[in-house]
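**Student:** Provided below are the primary sequence and the corresponding predicted coordinates.
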Amino acid sequence: MLHPSYSDLINVVNSEVEPGEQPVVQSRYSIVIATAKRARQIIAGEEPLVRGYAGKKPLSIAVEELYRGKVKIMGDDEAEEEDPEMIEAEDIQE
């Protein structure tokens with residue numbers, strides 16, 4: 001079983017959305033795409049943003065980064081304004 005669950009991840013990603021605004025993530029598909037993209041970045045050589053995951057699979061690391069808020073999923077309008085990337089990595093703050 002995947003931990004955290006899809007619904008937990010969706011809640012974490014949408015936690016910063018103001019009331020009345022459209023949620024950034026509305027489906028499991030969006031979570032899968034974002035974590036897969038981040039896992040590919042890790043495979044390509046980017047450093048994980050969470051500590052203590054040495055030897056873990058890139059997808060497990062990507063899920064944990066998303067759950068801890070180290071990676072943000074950007075909405076379509078934000079991605080066009082700021083960066084063509086779908087996700088944006090934050091600095092490690094541990």
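**Tutor:** Cool, the structure landed.

**Student:** Does the spatially most central residue of the chain lie in a helix or a strand, and which?
**Tutor:** Geometric centre of the chain, nearest residue: residue 66, 3.5 Å, by C-alpha atoms, centre = their mean. Element membership for residue 66, per DSSP states H and E: helix 58-67.

**Student:** What is the subsequent helix or strand relative to that helix?
**Tutor:** Next element after helix 58-67 (DSSP H and E): strand 71-73.

**Student:** before we move on, the earlier item: what is the helix holding residue 66 packed up against?
**Tutor:** helix 6-13, helix 28-43, strand 71-73 (3 or more C-beta pairs under 8 Å, 6 or more residues apart in numbering; DSSP states H and E). C-beta here means a position set from N, CA and C on the backbone, and glycine is covered the same way.

**Student:** buried set for that helix?
**Tutor:** Judged by neighbour count (16 or more other C-beta atoms under 10 Å), helix 58-67 contains these buried residues: 58-67.

**Student:** per-residue confidence at the residue nearest to the centre of the chain?
**Tutor:** Residue 66 is assigned 90 on the pLDDT scale.

**Student:** One more: residue 44?
**Tutor:** 96.

**Student:** From residue 4, how far off is it?
**Tutor:** 25 Å (C-beta to C-beta, to the nearest Å).

**Student:** sorry, back to before: would you mind putting the buried residues of helix 58-67 into TSV with distance to residue 50 alongside?
**Tutor:** Below are those laid out as TSV (distance: C-beta to C-beta, whole Å):
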residue	distance to residue 50
58	12
59	13
60	10
61	7
62	10
63	10
64	5
65	5
66	10
67	9
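
**Student:** out of the residues you listed, who's nearest residue 38?
**Tutor:** Of all the buried residues of helix 58-67, residue 38 sits closest to residue 62, with 3.9 Å by C-beta to C-beta.

**Student:** contacting residues around that closest one?
**Tutor:** Contact analysis of residue 62 by C-beta atoms under 8 Å, 6 or more residues apart in numbering lists 35-36, 38-39, 42, 71.

**Student:** How about residue 55?
**Tutor:** So residue 55 contacts nothing (C-beta under 8 Å, 6+ apart).

**Student:** cool, and residue 65?
**Tutor:** So, once contact is read as C-beta under 8 Å, 6+ apart, residue 65 ends up touching 38, 48-50, 71, 89.
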